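1. Mind folding the following:
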Amino acid sequence: NKPYIFDIIRKKEVVLTPEEWVRQHCVHFLIQNKHYPIGWINVEKQIELYGTQKRYDIVVFSPTGGIEILVECKAPNVKITQATFDQIAQYNLNLKSNYLMVTNGIHHYYSQMNFEQGKFHFLKDLPKHASSL
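-> Here you go, the predicted model:
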């Protein structure tokens, strides 16, 4: 008796939790507004981080196989805090994404990585896919 939503990335019905609602909206934002190819997007995959299993929300790959965007999704009632940024930053130590996005569906934060300085710079928005410019 739970509501489900079809995930176009995983190609299956998934339980529509508050976090899943945010994740699905974010996927559609990346495809429809930012024009990233659907085949470059990956959802909820497990990674190993310091010997423990973690799961990222959304990754957008680049044509070279690297990671262009790493997204951390929280439920709308979850406040975005420093701990949220710390979480995505830790994931990015392994994944090496060029851009980071943190969202709870209401508030969205974007940043670009500067690997030489070991810092990230906040942005007003994510870039569109290069083919749509």
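2. And what about Q24, helix, strand or coil?
-> At Q24 the chain is in helix, as set by DSSP: H, G, I helix; E, B strand; the rest coil.
3. Make sure it is actually in contact with D7.
-> Yes. Between Q24 and D7 there is a contact under CB atoms under 8 Å: 6.6 Å. The C-beta positions use only the backbone N, C-alpha and C, and glycine is treated the same way.
4. quick one: which of these two has more around it?
-> Q24 (21 against 17; other CB atoms under 10 Å).
5. measure the more buried one to K96 for me?
-> Separation of Q24 from K96 (CB to CB, to the nearest Å): 26 Å.
6. So which residues of the chain form strands?
-> With strands called from DSSP state E, the chain shows them at 4-7, 12-15, 41-49, 52-61, 67-73, 99-103, 108-114, 119-123.
7. between the last one and strand 99-103, what angle do the directions make?
-> With axes from the mean of the first three to the mean of the last three CA atoms, to 10 degrees defining the directions, strand 119-123 sits at 60 degrees from strand 99-103.
8. Let me see the residues that make contact with strand 119-123.
-> Contacts of strand 119-123 with the rest of the structure, by CB atoms under 8 Å, 6 or more residues apart in numbering, involve 89, 99-100, 109-114.
9. The longest one too?
-> Strand 52-61 is contacted by residues 23, 26-27, 30, 36, 40-48, 67-73, 91, 95, 97 when judged by CB under 8 Å, 6+ apart.
10. The fifth one now?
-> Under the criterion CB under 8 Å, 6+ apart, residues 19, 22-23, 26, 30, 36, 40, 56-62, 84, 87-88, 91-92, 95-105, 126 lie in contact with strand 67-73.
11. and that strand, average pLDDT?
-> Across strand 67-73, pLDDT averages out at 97.
12. Okay, angle between it and strand 41-49 too, please.
-> Using the same axes, to 10 degrees: strand 67-73 against strand 41-49 is 80 degrees.
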